[in-house]
Every structure is written in C-alpha cells, then in structure tokens.
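Enquirer: Take a look and give me a structure for this.
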Amino acid sequence: MKLSVVLVSPARAENVGAAARAMKTMGFTDLRIVDSEAHLQEAARWVAHGSGDILDNITTYATLADALADIQFTVATTARSRAKFHYYATPAQLVPLLQEKSAWMDSAALVFGREDSGLTNEELALADILTGVPMVADYPSLNLGQAVMVYCYQLAALIQNAPRPPVTGDDNPLRALRARTKALLEKLKVADDIKMADWLEQRLGMLEQRDTAMLHRLLHDIEKKLAE
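Expert: Residues are numbered from 1 along each chain as shown. Okay, the predicted model is just below:
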C-alpha cells in the first residue's frame, strides 16, 4: 500500500523540513502540501537534513479535496473535540485497520492540519476515519514534525508490502458504498438525520472487505425492493 503524507497549510518551513526528515527516516516518499509555500523556504531544507529528495518531489494542491483525488482511504489527524465525527483510532489501532485495507486498496493518505488550528470540520469530513495520539498532558500537543514521526514510525511496516495492481477510483468499493448509502438515505427521506448520517459516514471506514461486500449486497436488495 502506498501511504502519502498530506500537510494542510503548514505555516513554518521548519515543520515541513522535520516532517520530510521523519518520512525519509521511516521509508515514506510521497509528501503533499495543501495551500502553502513554506516548503520553498531555505529553513525547510536546513531541518530536512538529508531528506532533500522528499522536498524536491513535493506535490502541491489548492485544496485538500484536490490532494485526495487519487487516494482510496483517508486518515485525518485531530485532537479537537469539535470534530464532526467522534470515532477515533490511535496510531497503534491504525496498523491492523490499514493492514486489512491494503489487501483491497492500493493507496492511503495521512492528513495533518494547521499548526494553530488543525483541520476544519469540512476537511475532516473528507476522511474515512480520524486518529489522535493519546497524551497524558493536561494540554496535549505535539508539533507537526513530532506528530508525523509518531505516525510514520507506527505505520512503516505497511509500506513494505508488495505493490498490487492499481485500482481506479470507480472500482473503489468503499467509495461506491458511501455514494450508495448517501443515495439511499436521500431516497428514504432521512438524509436530514445528521446524527445517523454522520455515524454511518464514519463507521463505513472501519468495515473490512467482506463486510463492505455484504453491505453492498444488502443495499442492492433494498434498492431492488424499493424499485418494485
């Protein structure tokens, strides 16, 4: 599984350099930057120290949605209780979840938010699952470079799997299931039940391949019955 690191609007060049260094150390190569030019500052390269190739190959995007256009499974980091969803996985819990996903998906992204305010609710809504680092401190906080290192260290084994043939977005069963579920809620006129819709949106990301296939079958039967 290819695992990309996405930094949304990083403000400090040093943080981008530290993130690149953490990635290089743990074997990650694909760094994506959203709405920022901090990586172009010399300070980023000073801190990267030997990870200049990561900086040289950064791809930039105007929005997070653009950065995730070719990604099949998205994990967003957050430490804020205002998040739209309330289902979280620790870095350790992500390992078996992504290992299972790697059997039927080829790409995943780990998204980190702004240093001062994290990700917006709209950006969090683009994720399949949320994650946070459990901390003891009364005011938990990791700087961006530290956070990237924690996750890269935890997930390094995942990128050592043999590559599989690419799967196009149209063939992504999880993405198709999300669209199908949303359409069914609208057809049943219950899409305005925000609590249920949010719960479904988040829980779908935790389904394994067999469960995803079975739910597709169930939705097919429901759709067929509604069409009678």
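
Enquirer: Can you check the distance spanned by stretch 64-73, start to finish?
Expert: 14 Å (C-alpha to C-alpha, to the nearest Å).

Enquirer: List the buried residues of it.
Expert: The neighbour-count check on stretch 64-73 (16 or more other C-beta atoms under 10 Å) flags 64, 67, 68, 71, 72, 73 as buried. For glycine as for every other residue, the C-beta is placed from the backbone atoms N, C-alpha and C.

Enquirer: Which members of those residues occur in helices, if any?
Expert: Here DSSP state H is the test, and those give 64, 67 as lying in helices.

Enquirer: so what does the helix or strand of the chain with the lowest mean pLDDT touch, helix or strand wise?
Expert: Between all helices and strands in the chain, the lowest mean by mean pLDDT, DSSP states H and E belongs to helix 194-204, at a mean of 78. Helix 194-204 sits against helix 173-187, with contacts defined as 3 or more C-beta pairs under 8 Å, 6 or more residues apart in numbering; DSSP states H and E.

Enquirer: Please repeat the previous calculation with a cut-off of 10 Å.
Expert: Counting contacts by 3 or more C-beta pairs under 10 Å, 6 or more residues apart in numbering; DSSP states H and E, helix 194-204 packs against strand 129-131, helix 173-187, helix 209-226.

Enquirer: who's in contact with residue 4?
Expert: Counting by C-beta atoms under 10 Å, 6 or more residues apart in numbering, residue 4 touches 23, 28-32, 59, 67-68, 70-71, 74, 107-111.

Enquirer: Can you tell me which of the residues you listed are buried?
Expert: Among these, those buried by neighbour count (16+ other C-beta under 10 Å) are 23, 28-32, 67-68, 71, 74, 107-111.

Enquirer: what are the phi and psi values for residue 115?
Expert: Backbone torsions of residue 115, given as degrees, to the nearest 10, read phi -60, psi -40.

Enquirer: Does it touch residue 144 like I think?
Expert: Yes: look at residue 115 against residue 144 with C-beta atoms under 10 Å: they come within range, at 5.7 Å.

Enquirer: between the two, what contacts are shared?
Expert: Counting by C-beta under 10 Å, 6+ apart, the residues touching both residue 115 and residue 144 are 7, 10, 11, 12, 15.

Enquirer: so of these, which ones are in helices?
Expert: Reading helices off these with DSSP H, I get residue 15.

Enquirer: Now flag whichever of the shared contacts of residue 115 and residue 144 is closest to residue 155.
Expert: Nearest to residue 155, judged by C-beta to C-beta, of the shared contacts of residue 115 and residue 144 is residue 7 at 16.0 Å.

Enquirer: picking that back up, looking at residue 115 and residue 144, which one has more neighbours?
Expert: Higher neighbour count among residue 115 and residue 144: residue 144, with 22 against 16, using other C-beta atoms under 10 Å.
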